[in-house]
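> What follows is a predicted structure for the sequence shown.
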Amino acid sequence: MHDDVAEWEGRYASHEGGLFSGNVNGPLPVEVAGLRPGRALDVGCGEGADAIWLAQQGWTVTGLDVSTVALGRAAEAARSAGVQVEWVAAGVTQASGTFDLVAAHYPAIKRSPGEPELAALLGLVAVDGTLLVVGHGPPNPEFARSRGFDPADYLLPDTVAPALGADWEILVHEQRPRVRPTPPGSPWTHDDVLRARRRG
Ligand SMILES: C[S@@+](CC[C@H](N)C(=O)[O-])C[C@H]1O[C@@H](n2cnc3c(N)ncnc32)[C@H](O)[C@@H]1O
């Protein structure tokens, strides 16, 4: 098992009651409000709250994550909510198809030389489709390093935005206060939101 996958499996397994809140992430309802439901992919969907919320809004949803523990919980939550979501246990570079919405909230997708993860993420967005990437703000690399990771190693709005060329229109790229605060002690008071449309 790849180190990152093992780490995520371990993190989820050590939080029996769930690692995350089960609530939809604040930026998602705001950013999809004007979109007509179609095919959506939630990249790094974790325990599935965003994917389930999208399905409840009429989207045809695929949830993608490397953690089978998280996906098991996501499938259970979808059953309880009475919605259908396709759950795929894979990393972003193994995903296939194109989607009207590709959303990634607080993705822990590690970059590697040649940026295949970034190319895969962008390639999943259909023509005229929407890419939504949300990270934590404001930048605080020292805090991140104290938690064992370097944000520069991951796909985040600030690493994705510069890669969007002429075939993309950036509609939102801003930091805004979080809808739900992070736990006490976290310096991440804001969300860093990138929303872009692939031009037709
Ligand atoms: C911080 S969690 C966020 C989960 C969820 N989006 C949420 O907001 O609750 C990051 C997720 O990314 C997943 N992940 C890590 N590397 C990945 C990859 N290469 N492809 C897809 N998912 C990945 C992890 O298993 C984890 O569930």
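All right, it came through fine.
> how near is residue 93 to the ligand?
With distances taken as CB to the nearest ligand atom, to the nearest Å, residue 93 is found 7 Å from the ligand. All C-beta spots, glycine's among them, are computed from the backbone N, C-alpha and C.
> in what helix or strand does the residue nearest to that residue when sequence neighbours are not counted lie?
Nearest residue to residue 93 in three dimensions, chain neighbours excluded: residue 120, at 4.5 Å (CB to CB, 6 or more residues apart in numbering). Following DSSP states H and E, one finds residue 120 within helix 116-123.
> so how far is that helix off the chain centroid?
Relative to its chain's centre, helix 116-123 lies at 13 Å (CA atoms, centre = their mean, to the nearest Å).
> Residue 20 versus the residue nearest to residue 93, what's the distance?
24 Å (CB to CB, to the nearest Å).
> I'd like to know which residues of the chain are adjacent to the ligand.
Proximity of the chain to the ligand, by CB under 6 Å from any ligand atom, involves residues 4, 8, 20, 25, 43-46, 64-67, 70, 91-92, 105-109.
> from these, which ones fall inside helices?
4, 8, 70 (DSSP state H).
> And the last one, what's its pLDDT?
pLDDT, the model's per-residue confidence, is 97 for residue 70.
> got it, and the second one?
Residue 8 carries a pLDDT score of 88 in this model.
> and it, what does it touch?
Listed by CB atoms under 8 Å, 6 or more residues apart in numbering, the contact set of residue 8 reads 65, 66, 67, 70, 108.
> Need phi/psi at the third one.
For residue 67, the backbone dihedrals are phi -100, psi 120 (criterion: degrees, to the nearest 10).
> Need the nearest residue in space to it, chain neighbours excluded.
Nearest to residue 67 is residue 8, by CB to CB, 6+ apart, at 4.4 Å.
> Distance check, the one you found against residue 65.
8 Å.
> Hmm, residue 12 is touching residue 65, no?
No: counting by CB atoms under 8 Å, residue 12 sits too far from residue 65 to count as a contact (9.4 Å).
> joint contacts of those two?
Taking CB under 8 Å, 6+ apart as the contact rule, residue 12 and residue 65 both touch residue 46.
> For those two, indicate the residue with more neighbours.
For residue 12 and residue 65, the more surrounded residue by other CB atoms under 10 Å is residue 65, and the numbers stand at 27 against 22.
> Could I get the pLDDT score of the more buried one?
We have a pLDDT of 97 for residue 65.
> ok, now residue 2?
67.
> show me where this structure has helices.
Counting by DSSP H, the chain has helices at residues 3-13, 27-32, 49-56, 68-81, 116-123, 141-146, 157-160.
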